[in-house]
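*Asks:* below are the sequence and a predicted model; questions follow.
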Amino acid sequence: MSEQTSNGRATAGDDTAALDLSKMTPPPEQDDFAHLRGTAAEEDVTFDKEERKFIRRRSLALLWKASAGVRGKLLLTAIAVIVSQAAQAATPFIAGGLAIDWGLPRLIDGDATGLWVPAALYLICAVTAGSLLYWYTRMTAEASQTMLYTLRDEVFRKTQALSLDFHEDYTSGKVISRQTSDLEALRELLDGGINQLVQGIMFMLFTTVYIWISDIRSGLVLLCAVIPIYFLGRWYQKNAEVAYRRTRISSARMIVHFVESMTGIRAVQAYRREDARSRQYRKLAKIYRDDMVRSIGLFGVLQPSLMLIGNLSVAAVLLWGGYRVLEGDLGAGLLLGIVLSTKRVFQPLDMIAMFYNSLQSATAALEKVSGLLEETPNVRQVKDPRRLPDCAGEIEFRDAEFKYSADGPVVMQKLDLHIPAGQTLAVVGRTGAGKSTLVKLLARFYDVTSGSLTLDGVELRELAEDDHHRHVAMVTQEAFLFSGSIRENIALSQPDATDDQVIEAAKAVGAHEFIMSLPEGYDTDVNKRGGRISAGQRQLVSFARAFLADPAVLILDEATSSLDLPSEQLVQQGLERLLGNRTALIIAHRLSTVAIADRVLVIDEGRVVEDGSPEDLIAAGGYFSKLHSAWSATMGS
Ligand SMILES: Nc1ncnc2c1ncn2[C@@H]1O[C@H](COP(=O)(O)OP(=O)(O)OP(=O)(O)O)[C@@H](O)[C@H]1O
């Protein structure tokens, strides 16, 4: 099917989807966590132990997969961080223990080694730490940006691939929130966080080791500090996990509301809903603000508490060490080194706490992103699809039934319908009758729930996706135009089309004249001033697009009253030229369209209630006959 209906669905054998977590999902009957799969539990805030484990595993699996191309780099970075931090942690001991206790007496005796040995060692450590810092900062940036690129790409690919039913529930606002604010939270973690963490831990580790080697009793003081730090960490983790999950949910709700208000700006302004929408937005923004304040508040407790523990430890080391210096048990230089190190050993805690903070935020974001990537499209291509190189356009529904969801109502009752190749079929019926559902099945936005639907005798769900794309095109009511020139918009279905082919298609549907009257003709940008075109002109561009695609079957969701009479006539002529001798299904809202149809199908409550030529149905005096009279009356005929 041509682009206009294409939702780029994923195929079963799609290997480019390296991060597609749905491939790891067991069949539902063997799945203990079916209720957490995909985006199902996205709005939940608390989980039991097993559920949390499952969600964490899924998030880590995603990170692991996203790191596939950069694991070597990450390992090298880790080694560089370790060496650099070891060098940096050694400097207070070179300045203290080595320079003062060992070097100074020698220097006083006139021995220059007392000066240059500590100086050279200090220089080596400083240069090593500095140059490695430069190198691993770059490496981390490269690795983290590569991972984010992979994730961004995958979120885009996945959301495009998911079937229409998913998007009808999930809304574009949520997708935008996943793609922007969630990935941004991850960026913060990957960009600086991990680096800081390894750096901090290593620095603390080496400094602690140096302190232990230099003086075991001061080391013991440090060990005591670990106990309150451990409990503080546990407390923070438990509370921050829930708090940050809440912020992801409230942030997504805020973005959804924003996107809806902006995409529906015409309706908002037409119905004067600006104030109401603003009020609602303010309410959601306030919830988000409060959630953020709560999570930052937790961090506000963590950070000063860590600082307090650090300062108390320094005081204890200084006090105890000072007494021992007085007793001649400890060198003054060494005490200086130990105190300096003890003070420094707690410095990275600040950084680690920050990391922990961004980790909690990123974990909550990762949970959502990994859930999205675990979703499976309902409409998929089978493993060995059937090919249909040439298509006449014969369509057959046999015993076909359809429900939008397993527990929902039957929207299309057992349908038997044969549409011979080349026939123009107008589908009419009251609102909610099931007209769009019928054509959506043919466009394969959904698969029939039972029975069969074939194109030239080939079951649609077995048909190769590209063949379906080529043979079936849908022109939607909205006639969506993408940013770019008119030429690009027409050539959307056939990017390799020559300029002559594009012009020929435009001429065929009667769009050439108005295009030539635009400031830059076919090169006019549809989103720029002067490039803005009317609803009828949009329809003509989309007809030209469909004409160029040259499908065997054309589906048309006809525009309703948005057209004035001259535009309607223009569009009508374009439509007739577009139809040619293709098979066409038109959801008809106009008398003129019904007049050119070979056959009319009246649908009511998911059933075909009338089926025949327009003349026969008018003569029969049923629903169509009444509709026809009503339409004729409004046309003044
Ligand atoms: N995505 C969906 N999920 C669940 N039910 C749906 C969905 N889309 C449509 N329906 C239901 O299916 C029925 C048929 O809808 P459909 O859109 O096919 O009607 P229609 O004849 O095209 O109406 P209209 O002329 O107003 O566009 C309606 O009862 C509608 O509520």
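*Replies:* Cool, the structure landed.
*Asks:* what parts of this structure come near the ligand?
*Replies:* 168, 404, 408, 411, 429, 431, 432, 433, 434, 435, 436, 437 (Cβ under 6 Å from any ligand atom). C-betas here are computed from N, CA, C, even on glycine.
*Asks:* got a PyMOL select line for the buried ones in the residues you listed?
*Replies:* Selecting the buried subset of those in PyMOL, with 16 or more other Cβ atoms under 10 Å as the burial test, is done by:
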select buried, resi 404+411+429+433+434+435+436+437
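*Asks:* how about the residues of the chain next to the ligand, which pair is most distant?
*Replies:* 168 and 429 (21.0 Å; Cβ to Cβ).
*Asks:* among the residues of the chain next to the ligand, which are in strands?
*Replies:* residue 411 (DSSP state E).
*Asks:* now the stretch 51-200 of the chain, which segments are flagged as low pLDDT?
*Replies:* 192-194 (pLDDT under 70).
*Asks:* apologies, that question was intended for the chain.
*Replies:* 1-19, 23-29, 192-194, 528-531, 559-568, 634-637.
*Asks:* domain map for it?
*Replies:* 49-373, 395-635 (automatic domain parsing).
*Asks:* now render those domains as JSON lines, adding distance to residue 21.
*Replies:* JSON lines is the format used below for the domains of the chain (distance: least, Cβ to Cβ, whole Å):
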{"stretch": "domain 49-373", "distance to residue 21": "5"}
{"stretch": "domain 395-635", "distance to residue 21": "22"}
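*Asks:* nearest to residue 382, out of those?
*Replies:* When these are compared (using Cβ to Cβ), the closest one is domain 395-635, at 5.6 Å.
*Asks:* which residues in the stretch 351-500 of the chain form strands?
*Replies:* For the stretch 351-500 of the chain, the strands defined by DSSP state E, counting those that start in this stretch cover 395-403, 410-419, 424-428, 450-455, 458-459, 472-475.
*Asks:* what are the pairing partners of the last one, and which direction each?
*Replies:* Applying DSSP bridges to the sheet, strand 472-475 is found paired with strand 553-557 (parallel).
*Asks:* the strand it pairs with to strand 424-428, inter-axis angle?
*Replies:* 30 degrees (axes from the mean of the first three to the mean of the last three Cα atoms, to 10 degrees).
*Asks:* between strand 553-557 and strand 410-419, how big is the angle?
*Replies:* Using the same axes, to 10 degrees: strand 553-557 against strand 410-419 is 140 degrees.
*Asks:* quick check, residue 54 in contact with residue 35.
*Replies:* No. With contact defined as Cβ atoms under 8 Å, residue 54 does not reach residue 35; the gap is 10.2 Å.
*Asks:* and those two? which has more neighbours close in?
*Replies:* residue 54 (16 against 10; other Cβ atoms under 10 Å).
*Asks:* show me the contacts for the more buried one.
*Replies:* 33, 36 (Cβ atoms under 8 Å, 6 or more residues apart in numbering).
*Asks:* please renumber the chain so that the first residue is 57 from this point on.
*Replies:* Understood, numbering begins at 57; the last thing we discussed is residue 110.
*Asks:* any figure for the gap between it and residue 308?
*Replies:* Between residue 110 and residue 308 the distance is 21 Å, computed by Cβ to Cβ, to the nearest Å.
*Asks:* ditto for residue 372
*Replies:* Here residue 372 is placed at a distance of 47 Å from residue 308 (Cβ to Cβ).
*Asks:* and the residue of the stretch 107-256 of the chain that's closest to the ligand?
*Replies:* Proximity of the stretch 107-256 of the chain to the ligand (Cβ to the nearest ligand atom) peaks at residue 224, 4.6 Å away.
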